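K.L.:
Provided below are the primary sequence and the corresponding predicted coordinates.
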Amino acid sequence: MRTEILEKIKEKYGSRATDSSFECGLYSRDLGPVPGLLVNPLFNTTPDLVVRPSHAEEVAEILRTAYGSGIPVTPRAGASTVYFDSVPIKGGIVMDVNLLRGIVELDEEGMTVKVRSATTWSELEGYLNRKGLACKSYPSSAPAATVGGWLCMMGYGLGSLKYGSMLSQIKSIEVVLPAGEIRTLTSETEPSLDWFAGSEGTLGVVTEVEIEVRRLTAMEHFMLLLADESELLNVMQAFMNASVTPYNLHFADQHCLRAMDKLGFGLEGVDSGCTLGIDYEGTKEELEQARKTVEAITSENEKVTRLEDEVAELEWDGRFKALKLKRGGPGVLGAEVWLPVKELAGYLAEVQTMGPKYHVDLFSYGHVVTPEYITVMTTFYADETRTIPYIINLSLVKKIQDVGYRHGGCPYGVGLWNTPYLNRIYESARLAELRKRKQQLDPKGLMNPGKVYRPPFLMQPLTYGLGMDVMAGVQKLVGRGGSR
Amino acid sequence: MTERNSFFTTLENEALICGRCGCCRSSCPVYKIIGWESAAPRGKISLAKEAFAKGDKSALSDEFVKRVAQCTLCGACASECATCIDTRSLWLELRKRIAGLGKQPAAYDAIRETLLANKNISNFENDERLEWAEDLDEPEVVEPRAGAEVGYFVGCVSSFFPQAAQIPLDMVEILTEAEVDFTTMGADEWCCGFPLISTGFQAEADQFIKHNVEKIKEMDIHTLITGCASCYHVWKHDYQEELGDYQLEILHNTEYLARLVKEGRLELNELEEVVAYHDPCDLGRNSGIYEAPREIIAAIPGVKMVELYHNRADSLCCGGGGNLQSVDAELAEQIAQLRVEEVNASGATILVSACQQCEQMLSTAVRKAELPVRVMDISQLVLEAL
C-alpha cells in the first residue's frame, strides 16, 4: 500500500519526484556531522521519496495523501541546521520546498512584505534593499537559511536585539497543516501563528510569510578589543543600556581570535584579547549618538581599545562566514547555547577551564539577541575521518551544554539531537502545551516525526547522559581531540 | 581590482572542510534550474568527500560524474562559501581526478581529441586562424610580426566561429584608429588551454601553455591583450609558472580600451542608448575586473547605463562556461534565459558583454525571448561610438 502511494506521487510529480538512491542519500544529511556508524543503526534517515511541490496546493495534496496512508513527511528547505530538523528518521517522504520561493507582494505603505517561505534571507534582503527597504532581522546563515525555515526555528539573529524575534515581526503566515488543510494564520486565529515559531517543521509546512520591513538606513560598525573576557560583560551591558540600541552586538573570545589568526583570517593589529563588535543602523542622529556612545564607553575604560573602522567593516562583511573557523579542522564539533547575558563571563571562564581537561581547544563566539539572552557557539576541532575518536569527541558537546546549563542556559533548537535536553529547554508546563498542540494538529504523529517533543528510546536523558559522560571520561583520560 | 584569495589545499581536505551549510546553493545557476540537492555545490562536495576523502569509490557513480560536468565554473559558489573554499579550483581538481580515472563524459574526450588534432576548439585547421581577417580592408595588418607594442590573442571562438568574428574585426579597427602598434600570433596562436583544463586534462593543457609562451617570447611581445574572458583568466593564472621572469603585461580588451579612452587616444561620440553590462564570470568574479568595462560605457556621451539585478561579484552566469554546452546544451540555454529575464527587466536597448561565449549565449537567448535588445561585445559598442 505504502509503496503504491509513493509510486503514485512519484508518477504525478514526474521530474519533481525521485526515489533514486543517488539523490535520496543526499537528503539524509544536514550540517550535523554525525557519523553513519551512530546514525544508521538507530534511524532510517534515507527518504523513500523526495518530492518538490511548487505551490501550496501541491503541498496540501501531498500531505493529504501521505497523511491518509500513514506515511511520514519531513519538510526541508535550506537544511542549514545541525540537529537533523530536516532529515527524516523514519524514512517516508522528504518534501523539498525550495520551489516555494520569491516575493508575493510588497506593501510599502504598510511596511510589510509577503514572501514565499523558501526564499532565502539574502534573497529577501537583496530585493528589499533595491527598494530602499530592509529586513528587520535575519539569521547569521542568511545566504542559506529560508524565511520559513527560520520561523520554524527560534528566529533570533542579527537585528533581533533591536527589532525583536522574527515572530514579533510577522503579520500572518500561510501554512499547510499535516492533514493537508491550507490555512492563513495570524495572532488572532486558532491555532495562532505563534504555534509555528520554533515548531521545527513538526506542525505543518509554512508556505508564505507576511513580515514587517524597515527603511534601509546607513550603518556604522565598531570593533573593540578587550584584554580578556573578564571585562566583556561590563562593556557589553554598557552598550545594551545606552540610549541607542545596537543592531547587532557580537563577541569572539581569545581562543577564537587566535584560531582565526592562525588560519590567516586574523584582525589587523590584533594578537591577543577578545573582541566585541557593535553594529548600528538608523538615522543620522541615531548614528551620531551611537558614535558618541562608543567614544564614551571606550574612553572611560582603559582595558578597551577601539580598532580601526575598516576592521569593523570587514568583520561586518564577513558576518555570514563564521564557519571559516572550520578550515583549521577540517572537522568541527560544538554546541550552541541560549544563555542569559549576565552569565556570559561565568560561562566563558568555565568553558576555558574545561578545554584543557578534555585535551581540546574550545572557541566561543556569539550574538546578543535579546536584552536578556545571548546565543553562544562553543566549538572545537575534531577529525571525522577517525570515526571512534570522533564519536568520543561528540561527548564533549554534552559537556559544553552542561556548562551552559549550570549558567542558566540551554540548547538553542531541538530537532533530534537535542531531545535529551528537553527538560532543560522547556519547563514542564510549556512542554506539555507543545505536546498538546502536536496532538491536536498531527494526532498520527506523521509530520517530521521524532523531532522536538520526546527523545527516542536510546536518547532518554538518563541513559544518554550516562553514555556521554562515560565517553567524556574516556576522552579525559586518554583522548586527543583537535585537528589532524 | 579585487580578486578572491584562494585557500585551496587539496580536494580531500577541502571536501572535509565543507560544512554543508548550503550558502552556495542559492547562488548556483545550475541548482536554480535543476533544483535537486545533487546539483547544489554542497551536494557535489558531499559526494566528493565520500569518494575521495573517505575512499568510497561507489560514490563515484555516473550520476555524480554527470553532476560534476553540469557546472559552468562561474565561481558564484566560491564567493558565497562560508568556509572560504575556492570551489572553482575544487571543481577543476575534481574533473582532473575523474579524467585521471578515465570516467569523464564522452563529450570531454571529443574536446580533447579536437584540440590535440587542431590546436583549437573548432574543426578547422589552425592555419586558418586569421580567416576572419579576410573581411578587413587590409588583412595584412594582422599578420604576425615580432616586436610589436601589443600582441592581440584573439582566442578560438573569435577566430573560428562566424558569430564571434565581428569582435576581432572591430578590435582591429579600434586599434588602428588609436594608432596602436599591434600584431597577432596568427597560426602560432594555439588554444589557451582552458577547454582542456576545465575538462580535467591538465597535462595536455600544459603543452598548449608551453607553446603559447614560447611563441610570445619569440615574438618579443610584452603586452598581451585578449577579448576572451577565459583566455584572460588562464593567461593571468595558469601561465604564470611557464612565463617565469618574462615580463608580460596581460590585459583584457576592456582594460586596454579603457586605457586608450583615458589617454584620449579614442574619441567617443554620442550614442542615445540604454546600455546594460553583463559581467562575464571569468572576467568579473573570477578575475576581479568590474570597473574597466563600466568606465568605457560611461565615457560614451548620451549613453544611459543601467545595472542588471545581479551585477559585479553577484553577476549571474550566461550558462556558457565550464564546457557545459558540450554535455548539457539545454541546461546552458535555461541558465542564459534566467539572465535574459534580468535584461528584460532592466529596460536596456543594448546588452554589452566582454566575452564571446557570453555574447553568443545571450544573443541566442535574447532572440528566443524576442526581446528588442541588441547584444554586443564591448568592442562593437566602442566602434559604434567612434
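P.N.:
The structure has been received and is ready for your questions.
K.L.:
packing partners for the lengthiest helix in chain A?
P.N.:
Across chain A, the helix with the greatest residue count (assigned by DSSP state H) is helix A:387-406. On a contact count with 3 or more CB pairs under 8 Å, 6 or more residues apart in numbering or on different chains; DSSP states H and E, helix A:387-406 meets helix A:36-39, strand A:332-340, helix A:344-357, strand A:373-381, strand A:410-411, helix A:461-477. Every residue, glycine included, has its C-beta placed from N, CA and C.
K.L.:
most neighbours per residue, which of the ones you listed?
P.N.:
strand A:373-381 (a mean of 25; mean count of other CB atoms under 10 Å in any protein chain shown).
K.L.:
the residue sitting nearest the centre point of chain B: what's it in contact with?
P.N.:
Closest to where the C-alpha atoms of chain B average out (CA atoms, centre = their mean) is B:Ser230, at 3.0 Å. Residues near B:Ser230 by CB atoms under 8 Å, 6 or more residues apart in numbering or on different chains: B:Gly155, B:Cys192, B:Phe194, B:Asp282, B:Gly321, B:Cys355, B:Gln357.
K.L.:
among the residues you listed, which are in helices?
P.N.:
Filtering the contacts of B:Ser230 for helices - DSSP H - leaves B:Phe194, B:Gln357.
K.L.:
tell me the contacts of the nearest residue to A:Tyr464 once chain neighbours are set aside?
P.N.:
Nearest residue to A:Tyr464, sequence neighbours excluded (CB to CB, 6 or more residues apart in numbering or on different chains): A:Pro420, at 4.1 Å. Taking CB under 8 Å, 6+ apart, we find A:Pro420 in contact with A:Pro455, A:Met459, A:Gln460, A:Pro461, A:Tyr464, A:Gly465.
K.L.:
ok, the residues you listed vs B:Cys81, which is closest?
P.N.:
Nearest to B:Cys81 among these: A:Met459, at 32.7 Å, using CB to CB.
K.L.:
next one: that closest one from A:Phe43, what distance?
P.N.:
In this view, A:Met459 and A:Phe43 are 11 Å apart by CB to CB, to the nearest Å.
K.L.:
these two touch, right, A:Gln352 and A:Val360?
P.N.:
No. A:Gln352 is not in contact with A:Val360 according to CB atoms under 8 Å; the separation is 11.5 Å.
K.L.:
quickly list the domain ranges of the chain.
P.N.:
Just so you know, I chose chain A. A:2-96, A:103-215, A:218-323, A:329-477 (automatic domain parsing).
K.L.:
to clarify, I was referring to chain B.
P.N.:
B:11-104, B:107-259, B:268-385.
K.L.:
show me the beta-bridge partners of A:Leu158.
P.N.:
Beta-bridge pairing for A:Leu158 (DSSP bridges): A:Tyr138.
K.L.:
if I look at it, how far off is chain B?
P.N.:
Remark: distance between A:Leu158 and chain B (CB to the nearest CB, to the nearest Å) = 15 Å.
K.L.:
tell me the spacing between that residue and B:Lys217.
P.N.:
A:Leu158 sits 53 Å away from B:Lys217, going by CB to CB.
K.L.:
please identify which of the two sits among more neighbours.
P.N.:
Neighbour count, other CB atoms under 10 Å in any protein chain shown: between A:Leu158 and B:Lys217, A:Leu158 has more, with 25 against 15.
K.L.:
list the contacts of that one.
P.N.:
A:Ser137, A:Tyr138, A:Pro139, A:Ser140, A:Ala142, A:Tyr247, A:Asn248, A:Asp279, A:Arg319, A:His367.
K.L.:
then B:Pro293?
P.N.:
Counting by CB under 8 Å, 6+ apart, B:Pro293 makes contact with B:Thr254, B:Ala258, B:Tyr277, B:Asp279, B:Val352, B:Ala354, B:Ile378.
K.L.:
how about it, nearest residue that isn't a chain neighbour?
P.N.:
Counting by CB to CB, 6+ apart, the residue nearest B:Pro293 is B:Thr254, at 4.3 Å.
K.L.:
sticking with that neighbour, tell me its helix or strand.
P.N.:
Assessed by DSSP states H and E, B:Thr254 sits inside helix B:253-262.
K.L.:
elements contacting that helix?
P.N.:
helix B:166-177, strand B:223-226, helix B:291-298, helix B:378-385.
K.L.:
in it, what counts as buried?
P.N.:
Across helix B:253-262, burial judged by 16 or more other CB atoms under 10 Å in any protein chain shown covers B:Asn253, B:Thr254, B:Glu255, B:Tyr256, B:Leu257, B:Ala258, B:Arg259, B:Leu260, B:Val261.
K.L.:
dump those to TSV, plus pLDDT.
P.N.:
What follows is the buried residues of helix B:253-262, written out as TSV (pLDDT from 0 to 100):
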residue	pLDDT
B:Asn253	98
B:Thr254	98
B:Glu255	98
B:Tyr256	98
B:Leu257	98
B:Ala258	98
B:Arg259	98
B:Leu260	98
B:Val261	97
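K.L.:
now distance to B:Leu130 too, for these, in a markdown table please.
P.N.:
Converted to a markdown table, these look like this (distance: CB to CB, whole Å):
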| residue | distance to B:Leu130 |
| --- | --- |
| B:Asn253 | 18 |
| B:Thr254 | 23 |
| B:Glu255 | 24 |
| B:Tyr256 | 20 |
| B:Leu257 | 22 |
| B:Ala258 | 26 |
| B:Arg259 | 25 |
| B:Leu260 | 23 |
| B:Val261 | 27 |
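K.L.:
so which bits of the stretch 251-400 of chain A are right by chain B?
P.N.:
A:264-265, A:320-324, A:326-327, A:329-332, A:384-385 (CB under 8 Å from any CB of the partner chain).
K.L.:
those residues in strands, which ones?
P.N.:
Cross-referencing these against strands under DSSP state E gives A:Val332.
K.L.:
what's the PyMOL line that selects buried ones from the residues of the stretch 251-400 of chain A next to chain B?
P.N.:
This is the PyMOL syntax for the buried subset of those, where burial follows 16+ other CB under 10 Å:
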select buried, chain A and resi 265+320+321+322+323+324+326+327+329+330+331+332+384
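K.L.:
now the two most distant members of the residues of the stretch 251-400 of chain A next to chain B.
P.N.:
Across these (CB to CB), the longest gap, 27.0 Å, separates A:Phe320 and A:Thr385.
K.L.:
and the residue of the stretch 251-386 of chain B that's closest to chain A?
P.N.:
Across the stretch 251-386 of chain B, no residue is closer to chain A than B:Tyr309, which sits at 7.6 Å (CB to the nearest CB).
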